[in-house]
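K.L.:
show me the folded form of this:
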Amino acid sequence: MFSRLLGRRSSGVTRGGGLFGGLQIPPTAGVLSCRVLDPVNEPVQQAEFVLTDSVGRKVVGGETDPFGSVVATIPAGEYRLAVTAEGFTPYHANVTITEGGHSGLGDVTLQITAPPLLPEPGDWEIEPMHSQIGFTARHIGLARIHGRFNTFAGAIRIADRMEDSAMHVIIDAASIDTNVQMRDDHLRSGDFLDVVRYPTLEFYSDRFIHRGGTRWGVTGALTLHGVSRTVTLETHYLGIGNGMEGETRAACRATTELHREDFTVNWQTMLARGIAVVGNSITIDLDIQVVKKSA
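P.N.:
Below is the predicted model of the structure:
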């Protein structure tokens, strides 16, 4: 976005002072600016904004800066602005951009939205048919490998106070699946997961930390390859809904980053020959649905 404002020497309009002093603006464009605030007039950082044209095509988008500000050069025309942020009601407005003009919206105040209902206290379990545990890793420093674990189970005890809840997840290490049989056999071998010695990966947590809105941090011990390390799942709670048979479900997405050397997973054979088959960092992504545990 700011690359459009900085360093151009085309036949644009140069703003001589004020907010846009010394910046080159193309002659067929104008500038949009605003500041995004919460109800107590604090800036909303990393709020997303998108400007679309009359047929709904995205023209420009980005995030607010640490001061909640938006500044963008836009081709002259009529647009629809949307501003969204976690925990706030979306803001929409029509915007007119004129050639060489400045469309300043001033302060845009986002209203706090009601958080989704939390699951009721009790014992819940992961519903595997509508859940997925996936991962992404670099392959020989170039392309990315995408994979998943096909077999897993998990239980969550929801406490009266959500922060006092606990969860336990067990993953079958041999169920790793990257859609390439030879690679999967290697991942199961002693060079990597060593599934004969370490048949499961386990995660246990009793620390649920509310980060605001629908964001939670779930911190616990991950045991992989016989080594336990503390990791945090950055979790986006999606709310409660009903399944096809009317059962109550709760859903969330979560992600974390692992460093394979923390778990003594060093690809001994390949690394001895100087070949870094998989990068050091592995991203884990979870899409989870849970249902009340049957009696």
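K.L.:
does Leu238 touch Trp216 like I think?
P.N.:
No. Between Leu238 and Trp216 there is no contact, the gap being 11.3 Å when judged by Cβ atoms under 8 Å. C-beta here means a position set from N, CA and C on the backbone, and glycine is covered the same way.
K.L.:
higher neighbour count, these two?
P.N.:
Counted by other Cβ atoms under 10 Å, Leu238 and Trp216 do not tie: Trp216 has more neighbours, with 22 against 16.
K.L.:
circling back: quickly list what's touching both of Leu238 and Trp216.
P.N.:
Counting by Cβ atoms under 8 Å, 6 or more residues apart in numbering, the residues touching both Leu238 and Trp216 are Cys252.
K.L.:
buried sites along the lengthiest helix in the chain?
P.N.:
If each helix of the chain is counted by residues according to DSSP state H, the longest one is helix 181-188. Across helix 181-188, burial judged by 16 or more other Cβ atoms under 10 Å covers 183-184, 186-188.
K.L.:
which parts of the stretch 1-150 of the chain are strands?
P.N.:
Using DSSP state E, counting those that start in this stretch, the strands of the stretch 1-150 of the chain run over 13-14, 24-25, 29-37, 48-52, 58-63, 69-75, 77-84, 91-97, 102-109, 122-126, 132-139, 144-149.
K.L.:
so which elements touch the helix or strand Thr219 falls within?
P.N.:
Assessed by DSSP states H and E, Thr219 sits inside strand 215-224. Packing partners of strand 215-224 (3 or more Cβ pairs under 8 Å, 6 or more residues apart in numbering; DSSP states H and E): strand 200-212, strand 227-242, strand 248-259.
K.L.:
what strands line up against the first one, and which way round?
P.N.:
It stands for strand 200-212. According to DSSP bridges, strand 200-212 forms sheet pairs with strand 166-172 (antiparallel), strand 215-224 (antiparallel).
K.L.:
run through the stretch 101-250 of the chain and note the low-pLDDT ranges.
P.N.:
For the stretch 101-250 of the chain, the stretches with pLDDT under 70 are 138-143.
K.L.:
try it again at 90.
P.N.:
Along the stretch 101-250 of the chain, segments meeting pLDDT under 90 span 112-116, 137-145, 180, 183, 186-187, 189-193, 211-215, 225-227, 242-247.
K.L.:
bridging residues for Ala137?
P.N.:
Here Ala137, judged by DSSP bridges, has bridge partners Ile145, Ile282.
K.L.:
now do Gly239
P.N.:
Under the criterion used (DSSP bridges), Gly239 bridges to Ala251.
K.L.:
confirm for me that it is in contact with Ala251.
P.N.:
Yes. At 6.9 Å, Gly239 and Ala251 qualify as touching, with contact defined as Cβ under 8 Å.
K.L.:
give me the more crowded residue out of those two.
P.N.:
Neighbours of Gly239 and Ala251, each counted by other Cβ under 10 Å, are more numerous for Ala251; the result is 19 against 14.
K.L.:
please consider this matter closed, and thank you.
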